[in-house]
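Student: What follows is a protein structure lacking sequence information:
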């Protein structure tokens, strides 16, 4: 990395909304980031602070104003500014889950969620009562945090323009972008004029409503987040990943801005920093998200590296890592870097059937081999760490790698359970391999709970216990349920846009006219490295299948390259197409098992954002099946 000098704003975020941390850990984290070169701690809170205007959180769900004041005071002594993030539009679930707040939700009365969300997470921007509550709450939060900045979120607002009041505004001539711009402008006026602070917002909704940028004050600070592996030119999160030179655009319009990579990938931090350094950002904000099933220690070496990088001090990954661990050689450094190159491509998968995805791909094989090698290397260096903090980091990384081992084992086990050839296991074998998997999950959970007692003492571990216990039990149930399966529907998908949220339903029709829904949901490639991916969906009706109905709707579109049914008795493949509806393109491609694909859904993502009613439109076809004859 080329030394670009120190940024004025060098921030790192703690996500306390999704997972609370102890005050002791927050103090420890402040010490750590101070030594790493940061001057700003951003606390992502949503509704995590209980106040007079928001008295509804119960014990164990909140921080008090006094506790947060103590954090601010401690940080101040370390020359760290603390900025709160309170989501005032989307990501408001910590507020809206309380019955006393539901009247402020966008989805109320006859309003329907655009993306069929099951939780309320968006404030209605048209209700005066919404603004009244937010003004009162933000005033209380601003009194805790003396920072000149206040971050109000405003990202990922899926349910927008849904309620009757918002729909009336749109019917009377306002656009979704107009409503958004007015809300931002009103919020800015309050924060600027009454709280005396500079307002920060995430920038992704301006992709959806680009005309809104010209309608808001240009002293709003835009926080440009992008988590792609390579950020040579930012791709939109929506709008079919439109590439645009966003920072040049913001400068031309006179906006100040912050670039925000994440701890998902080291290449994301480096490439986004390189791109941003061509312009004049206030600085960088390293975002860390959703640690309810994990701990912060795993990513703290990356946090340190980004802090040194943005301080203009260390520009070499190895030097920054040696500074953290006090030990290591090139083998250790290379292992740690490779761990941060592949980590984000393997998120936690907590549905056993999501592992029924065909043979391990070439990319998965690389991850598997690398993870196993890295685990051996890190184990050798564990006792050579410079202090307890460094050991906590390396131990946390090792536990994470143990989960990868479980995931790859599940890929093999679930495939065996749903095989219908000579390798098909008997019930004794099924019970043995699922019990073996359950024991692995139990051992993993025990390690997680041991960590929890040390790292989050006094904070309930009920959530993580429930999550992994339920997952373990679902794995055990596979012994019985897989034995009852009549076959699997194997689908080869094509999805180049991972921000797509298109639902798909597959219904198998049998010879007697009966039907069974084999799958319904939003299907994506967990590895996020290839547009093509496979899923297999079990079905349990023993009669002969004659056709498959496919329906697709919601946000975007979906390619299907091929499908076939593999049963205990035979195999069935598509021979013809009928009952086409909606927008279906390249229909005939689905009949041939190659890389061409049939596309179902909308191609103009921006139209879906401007006209959410299009998300309800169904696109589909029926595939008539033939039985494959043995040669």
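Tutor: Yep, it's here. Please read all numbers here as calculations on a predicted model, not as lab measurements. Residues are numbered from 1 along each chain as shown.

Student: how about the strands in the stretch 151-300 of the chain?
Tutor: Using DSSP state E, counting those that start in this stretch, the strands of the stretch 151-300 of the chain run over 198-202, 221-225, 257-260, 283-286.

Student: which strands and helices sit next to the last one?
Tutor: It refers to strand 283-286. strand 9-15, strand 40-44, strand 257-260, helix 266-276, helix 300-310 (3 or more C-beta pairs under 8 Å, 6 or more residues apart in numbering; DSSP states H and E). Heads up, the C-betas are built off the backbone N, CA and C, glycines and all.

Student: Need the ones you listed in CSV (columns: mean neighbour count).
Tutor: CSV is the format used below for the helices and strands packed on strand 283-286 (neighbours: other C-beta atoms under 10 Å):
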stretch, mean neighbour count
strand 9-15, 24
strand 40-44, 24
strand 257-260, 25
helix 266-276, 21
helix 300-310, 26
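
Student: Output the ones you listed in TSV, with mean pLDDT and distance to residue 26 appended to each entry.
Tutor: Shown next, in TSV, are the helices and strands packed on strand 283-286 (pLDDT from 0 to 100; distance: least, C-beta to C-beta, whole Å):
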stretch	mean pLDDT	distance to residue 26
strand 9-15	98	7
strand 40-44	98	8
strand 257-260	98	20
helix 266-276	96	22
helix 300-310	96	13
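
Student: Reformat the ones you listed into JSON lines and put distance to residue 591 next to each item.
Tutor: Converted to JSON lines, the helices and strands packed on strand 283-286 look like this (distance: least, C-beta to C-beta, whole Å):
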{"stretch": "strand 9-15", "distance to residue 591": "47"}
{"stretch": "strand 40-44", "distance to residue 591": "48"}
{"stretch": "strand 257-260", "distance to residue 591": "45"}
{"stretch": "helix 266-276", "distance to residue 591": "39"}
{"stretch": "helix 300-310", "distance to residue 591": "47"}
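
Student: Figure out which of the ones you listed is closest to residue 588.
Tutor: The closest of these to residue 588 is helix 266-276. By C-beta to C-beta, the value is 39.2 Å.

Student: phi, psi of the closest residue in space to residue 313 that isn't next to it in sequence?
Tutor: Spatially, and ignoring its direct neighbours in sequence, residue 313 is nearest to residue 37 (6.1 Å; C-beta to C-beta, 6 or more residues apart in numbering). When read as degrees, to the nearest 10, the backbone of residue 37 gives phi 100, psi 0.

Student: Any idea how many residues pack against residue 37?
Tutor: Here the number of neighbours of residue 37 (other C-beta atoms under 10 Å) works out to 20.

Student: Enumerate every residue touching it.
Tutor: Contacts for residue 37 (C-beta atoms under 8 Å, 6 or more residues apart in numbering) come out as 6, 10, 307, 308, 310, 311, 313.

Student: Output the residues you listed as CSV; include the columns distance to residue 292.
Tutor: Output for the contacts of residue 37, formatted as CSV (distance: C-beta to C-beta, whole Å):
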residue, distance to residue 292
6, 34
10, 27
307, 24
308, 28
310, 27
311, 30
313, 33
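
Student: would residue 518 count as being in a helix?
Tutor: No - under DSSP: H, G, I helix; E, B strand; the rest coil, residue 518 sits outside any helix and is assigned strand.

Student: That one - how many residues pack around it?
Tutor: 23.

Student: in terms of contact, does it touch residue 538 like I think?
Tutor: Yes - using C-beta atoms under 8 Å, residue 518 is in contact with residue 538, at 7.4 Å.

Student: separation between residue 262 and residue 456?
Tutor: Per C-beta to C-beta, to the nearest Å, residue 262 is found 22 Å from residue 456.

Student: same check, this time on residue 41
Tutor: Distance, residue 41 to residue 456, by C-beta to C-beta: 19 Å.

Student: do residue 93 as well
Tutor: Going from residue 93 to residue 456 by C-beta to C-beta gives 21 Å.

Student: hey, where'd the helices end up in the stretch 301-450 of the chain?
Tutor: For the stretch 301-450 of the chain, the helices defined by DSSP state H, counting those that start in this stretch cover 317-325, 330-342, 362-381, 388-417, 427-455.

Student: So which of these is nearest residue 77?
Tutor: helix 388-417 (19.5 Å).

Student: Quick one: mean pLDDT for that closest one?
Tutor: The average pLDDT within helix 388-417 is 95.
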